[in-house]
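S.K.: here are the coordinates; sequence isn't available:
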């Protein structure tokens with residue numbers, strides 16, 4: 001996961017600097033995740049000082065992954081996009097206005113998950129909120145075409161195209177199975193399709209082979 005500390009604009013912080021230092025330390029030490037990168041966005045001395053406190057308590061391993069961006073709203077978001085961070089889902093626009101659309105969608109997905117688990121006496125929920133870069137996503141449009149897992153799958157398909165062409169018509173699905181199995185084995189790829197409620201679900205193997 002990626003952590004974005006966004007403190008651009010006229011933001012007031014508590015006068016209790018020791019308390020802020022303590023709370024930030026608790027935040028980082030309580031995280032059950034290993035962050036792949038941390039980005040700090042700011043545009044004035046107050047927020048710059050706040051980020052310096054964050055850096056002091058985040059630990060050496062996290063500091064090595066930290067990138068700072070001292071820019072305007074628009075420029076900060078442009079910089080985040082260069083790191084592959086989808087700013088469209090963040091809760092603010094380029095002018096600093098708060099957006100709640102994506103947050104409300106997330107709440108709706110969580111309600112679906114909790115309702116499903118209650119109805120099944122706490123059984124594991126099969127829905128996937130956020131696919132990994134290794135997953136293959138079934139769908140149409142540029143975002144799907146540019147997804148790393150889909151790009152890798154296309155390379156596999158191309159490398160097996162000759163074998164597919166030389167295989168008898170009734171046995172061509174065996175080549176599809178070879179491609180699906182290799183993607184799963186080499187990258188732990190899952191073959192996912194998104195439902196109307198926003199959750200991703202893994203499709204059965206026969207469906208994945210047919211689509212490939």
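M.R.: Arrived safely. Since the model is a prediction, treat every value here as computed from it, not as a measurement.

S.K.: Where does the prediction get shaky in the chain?
M.R.: Applying pLDDT under 70 to the chain picks out residues 10-17, 19-21, 28, 31-33, 94, 96.

S.K.: Strands of that one, residue ranges please.
M.R.: Ranges of strands in the chain, per DSSP state E, are 2-7, 37-42, 66-70, 136-138, 191-194, 200-202.

S.K.: Which neighbouring elements make contact with the third one?
M.R.: It refers to strand 66-70. In this structure, strand 66-70 makes packing contacts with strand 37-42, helix 45-57, helix 73-82, judged by 3 or more Cβ pairs under 8 Å, 6 or more residues apart in numbering; DSSP states H and E. For glycine as for every other residue, the C-beta is placed from the backbone atoms N, C-alpha and C.

S.K.: List the strands paired with that strand, with their directions.
M.R.: With DSSP bridges as the test, strand 66-70 is paired with strand 37-42 (parallel).

S.K.: which ones are touching residue 187?
M.R.: Residue 187 makes contacts with 134, 149, 152, as judged by Cβ atoms under 8 Å, 6 or more residues apart in numbering.

S.K.: is it possible to export those residues to TSV including distance to residue 161 and neighbour count?
M.R.: Shown next, in TSV, are those (distance: Cβ to Cβ, whole Å; neighbours: other Cβ atoms under 10 Å):
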residue	distance to residue 161	neighbour count
134	22	16
149	19	21
152	15	17
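
S.K.: now, which of the residues you listed sits nearest residue 195?
M.R.: Of all the contacts of residue 187, residue 195 sits closest to residue 149, with 18.5 Å by Cβ to Cβ.

S.K.: for residue 40, what are its contacts?
M.R.: Residue 40 sits in contact with 5, 7, 51, 54, 55, 66, 67, 68, 69, where contact means Cβ under 8 Å, 6+ apart.

S.K.: cool, and residue 54?
M.R.: By Cβ under 8 Å, 6+ apart, the residues touching residue 54 are 5, 24, 40.

S.K.: and the top helix by length along the chain, which residues are buried?
M.R.: In the chain, assigned by DSSP state H, the helix with the most residues is helix 101-119. Neighbour counts over helix 101-119 (16 or more other Cβ atoms under 10 Å) mark 112, 113 as buried.
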